[in-house]
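Q: Kindly return the folded structure for what I paste below:
(one chain, ligands or ions: 1)
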Amino acid sequence: MFKIPFLDLPPLRGAAGAVRLPGSKSISNRVLLLAALSEGKTVVRDLLASDDTAVMLDALRALGCGVWNEGDAVVIDGLGGRLRAREAKLFLGNAGTAMRPLTAALALLAATQGASFEVSGVARMHERPIGDLVDALRGLGCEIDDLGNAGYPPLRLRGPSTLALDAPVRVRGDVSSQFLTALLLALPLVAEHDIRVEVIGELISKPYIEITLALLERFGIAVKREGWEAFIIPAASRYRSPGEVFVEGDASSASYFVGLGAIAATDAPIRIEGVGSESLQGDVRFIEAAAAMGAQIKTGPNWLEVRRGAWPLKGITLDCNHIPDAAMTLTVMALYADGATTLTNIASWRVKETDRIAAMAAELRKLGATVDEGPDWIRVEPLKDWKAAAIHTYDDHRVAMCFSLAAFNGLVTDAAVPVRILEPHCVAKTFPDYFETLFGVVIANAADVPVITIDGPTASGKGTLADEVGKALGFGVLDSGALYRVAGLAARRAGLNLDDGDAVAAIVPTLQLRFGDGHVFLGQEDVSARLRAEATGLLASQVAVHPQVRKALHQLQLDFRRLPGLVADGRDMGTAIFPDASLKVFLIASAATRAERRHKQLISKGISANIDSLREDLEARDERDKNRSASPLVPAQDAQLLDNSALTIEASVDQVLDWWQQRRPF
Ligand code: C5P
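A: As a prediction, this is how the structure comes out:
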């Protein structure tokens, strides 16, 4: 996705279909580190491709690991416990799953082999605590310098220094379970004797420790556990690559689609592929919470199927310590419930990507909800009177994904409102194509999908303006002229008489048209360049006069009205095709300006052109387009006229976006 400043979700009405989840973030980054510490190669399949894994891969490269792609797999050639680089500065973004385990592993490697490493991240990472882990490592004899505030990254890890491994390693377990995970992943590096790790305080997020133990086992390290209080890494543990690892789908990411099914899958289920009953990840237990709220869920080893059961959903009270990440989704589901929902034992939310209790409370309130919060709990009341809101996402992928479920408010109130997600690209942390995946399985009324029409005469700059506005809003773009151009080209190639409207219209349904990445394909042939030729434009305006041809192309154009919205350019977008468009723009640049622009365009492509004859051509086409009886080129009554003769593209785009903003309820 482009970095658009906001994404508007129109009211959504239903859901059905199948999604394949991206790989689990927790498993991906653990596997990468374990593969890096092992000797030899590990082929990692279905690895999550996201910001958090990208920073881990960059770090491993900087440390001298071999990292390359083989087909869809990522291959790691591990260090086998021996440092190849003794100095590195590692930037770890906002990835806790990279920061904590790398800190532990590099501190131990620096101590035993001598090295100096710096680990840092984005500003928020420097506010996320790591002091308990640093204390535990210092207790072992590691040399760690605070480079910013004590107890927070950035840090310098240096050595050599002498480690004292006879006494138990003690670490707090009640702030983040990642401190314990980090030690468990790293201590086998130095396990000449049994190493005992003791947890201080009640261990939170235990299922994440189970993932850590299961993956250590796959890499040859059998940690012994005494309840959740102590863990023993056996003497002479050695990381052994299993050769190949498959990463499960991300169970936390599944929660949005489980929620989606519970809210909106009334006819057919939402099928989620990549996690299921045999999943390692604790967050699959989110399905129990969703079921308690009313969802009907079927499970297979690596799939889930979810439909709506109880409706409205049922309010619940739940200790969410075991599903800290997925539980955020419950707070938005709670808006559709019959009573209050209270989530308890979620203090860890306050030290995640953002203070998630504060963030969810503030944004739910913007929708109109009544929300109470405490140090480690949140309570959300059902919502009847929904407000259109721009949701701040705090650079937190989960906030953005959760709030997409607020777009179903039309299922509980007649006055359906859209939802604006600010900075939607933050989903790239774990689910880069989340919104595209969502749009693939949700149902909207066509009338709810916003359309901006940009009409105007030849060479008025419609196409460029439409593309730029589409990019800024994340909307699809319809270049309707291309359809007339294709029809004209195909008719000419078929040897048809272009004045015979019936004959030209008859070939339209036979055209095997495909649009992708700004290219147009006719059958196997990429005809994009042919379509842009001046000669094809003339063919287009000849076939475009026939009502039969216009009718034949009508549905094809309506089909472009897809989520999250459309910018359509042409001659009759605002008058005939999308008369209900929310914003209609009509360009009125003078013929002289347009001829000049077209001239420059052609010259820059190395095509010689004569400005006077260009102008004559333009005027002839304008005349034909204006005077034909079928959909003549005229502004819609409610169109905004834009004379862009003296405007830069940027200024025109800004003007259109300005008009658009004025029409939005946010
Ligand atoms: O916009 P473009 O120059 O590609 O359009 C080529 C021709 O197709 C126009 O001159 C016009 O005759 C026809 N057209 C149309 N209605 C549209 C788009 C294009 O009649 N919506």
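Q: List the contacts of the closest residue in space to D385 that isn't next to it in sequence.
A: Nearest non-adjacent residue to D385, counting by CB to CB, 6 or more residues apart in numbering: G368, 5.4 Å away. Backbone N, C-alpha and C define where each C-beta goes, glycine included. Neighbour list for G368: 383, 385-387, 389 [criterion: CB atoms under 8 Å, 6 or more residues apart in numbering].
Q: And the nearest residue to I588 once chain neighbours are set aside, how far from F246?
A: Distances taken as CB to CB, 6+ apart put D643 closest to I588, at 4.9 Å, once the chain neighbours are dropped. The gap separating D643 from F246 is 59 Å, by CB to CB, to the nearest Å.
Q: And A609, by the same measure?
A: A609 sits 58 Å away from F246, going by CB to CB.
Q: S645 too?
A: For S645, the distance to F246 - CB to CB - is 59 Å.
Q: Could you give the residue of the stretch 551-666 of the chain that lies closest to the ligand?
A: Taking CB to the nearest ligand atom, the ligand has its nearest neighbour within the stretch 551-666 of the chain at G570, 2.5 Å off.
Q: what is the rounded mean pLDDT of stretch 634-648?
A: Stretch 634-648 carries an average pLDDT of 95.
Q: End to end on it, go ahead and measure it.
A: 24 Å (CA to CA, to the nearest Å).
Q: Equivalent analysis for stretch 562-569, please.
A: Using CA to CA, the two ends of stretch 562-569 sit 15 Å apart.
Q: list the contacts for the residue in the stretch 251-400 of the chain that the ligand sits nearest to?
A: Closest residue of the stretch 251-400 of the chain to the ligand, CB to the nearest ligand atom: A388 (31.3 Å). By CB under 8 Å, 6+ apart, A388 lies in contact with 417-420, 664-666.
Q: Likewise for P22?
A: In this structure, P22 makes contact with 48-50, 249-250, 253, 274, 430-433, judged by CB under 8 Å, 6+ apart.
Q: same question, P301
A: 276-278.
Q: Please apply the same query to L213.
A: So L213 contacts 184, 223, 225 (CB under 8 Å, 6+ apart).
Q: what does the stretch 401-550 of the chain put close to the ligand?
A: Contact residues (CB under 6 Å from any ligand atom) of the stretch 401-550 of the chain with the ligand: 458, 480-481, 484-485, 537, 540-541, 544.
Q: Equivalent analysis for the chain, please.
A: 458, 480-481, 484-485, 537, 540-541, 544, 570-573, 621, 625.
Q: isn't A400 right next to A428, touching?
A: No. Taking CB atoms under 8 Å as the definition, A400 is not a contact partner of A428, at 9.9 Å.
Q: Looking at these two, which is more packed in?
A: Using other CB atoms under 10 Å, the more surrounded residue of A400 and A428 is A400, with 27 against 19.
Q: quick one: the more buried one from E353, how far?
A: In terms of CB to CB, A400 sits 11 Å off from E353.
Q: Also M333?
A: Taking CB to CB, one finds M333 at 20 Å from E353.
Q: Could you do D654 as well?
A: As judged by CB to CB, D654 and E353 stand 32 Å apart.
Q: Those two: who's more crowded?
A: Neighbour count, other CB under 10 Å: between D654 and E353, E353 has more, with 24 against 15.
Q: That one touches M401, doesn't it?
A: No. The criterion here is CB under 8 Å, and E353 misses it with M401 at 11.9 Å.
Q: List the contacts of A18.
A: 270-273, 441.
Q: Sort out which of these are in strands and list them.
A: Among the contacts of A18, DSSP state E puts 270-273 in strands.
Q: ok, of those residues, which one's closest to S205?
A: Nearest to S205 out of the ones in strands among the contacts of A18 is I272 (CB to CB; 22.2 Å).
Q: need the contact list for that closest one.
A: 18-19, 21, 249, 254, 257-258, 261, 303-306.
Q: and what of Q542?
A: Applying CB under 8 Å, 6+ apart, the residues near Q542 are 488, 498-499, 624.
Q: Columns pLDDT on top of those residues, output as JSON lines?
A: Output for the contacts of Q542, formatted as JSON lines (pLDDT from 0 to 100):
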{"residue": "G488", "pLDDT": "97"}
{"residue": "L498", "pLDDT": "96"}
{"residue": "D499", "pLDDT": "96"}
{"residue": "R624", "pLDDT": "84"}
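Q: Please check those and keep the buried ones.
A: Buried members of the contacts of Q542, scored by 16 or more other CB atoms under 10 Å, are 488, 498, 624.
Q: Find the closest residue to the ligand in the stretch 401-550 of the chain.
A: For the stretch 401-550 of the chain, CB to the nearest ligand atom, closest residue to the ligand: G481, 2.2 Å.
Q: Okay, and that residue sits in which element?
A: Per DSSP states H and E, G481 falls inside helix 480-493.
Q: Who are the packing partners of the next helix or strand after that helix?
A: The helix or strand immediately downstream of helix 480-493 is helix 501-507, counting by DSSP H and E. Secondary structure elements in contact with helix 501-507, counted by 3 or more CB pairs under 8 Å, 6 or more residues apart in numbering; DSSP states H and E, are helix 480-493, helix 547-558.
Q: What mean pLDDT does helix 501-507 get?
A: Rounded mean pLDDT across helix 501-507 is 97.
Q: gap between the next helix or strand after it and the chain center?
A: Sequence-wise, the next helix or strand downstream of helix 501-507 (DSSP H and E) is strand 513-516. Distance of strand 513-516 from the chain centroid (CA atoms, centre = their mean, to the nearest Å) equals 24 Å.
Q: ok so, going back, between the contacts of L213, which sits nearest the ligand?
A: L184 (62.2 Å).
Q: Where does that closest one fall, secondary structure wise?
A: helix 178-186.
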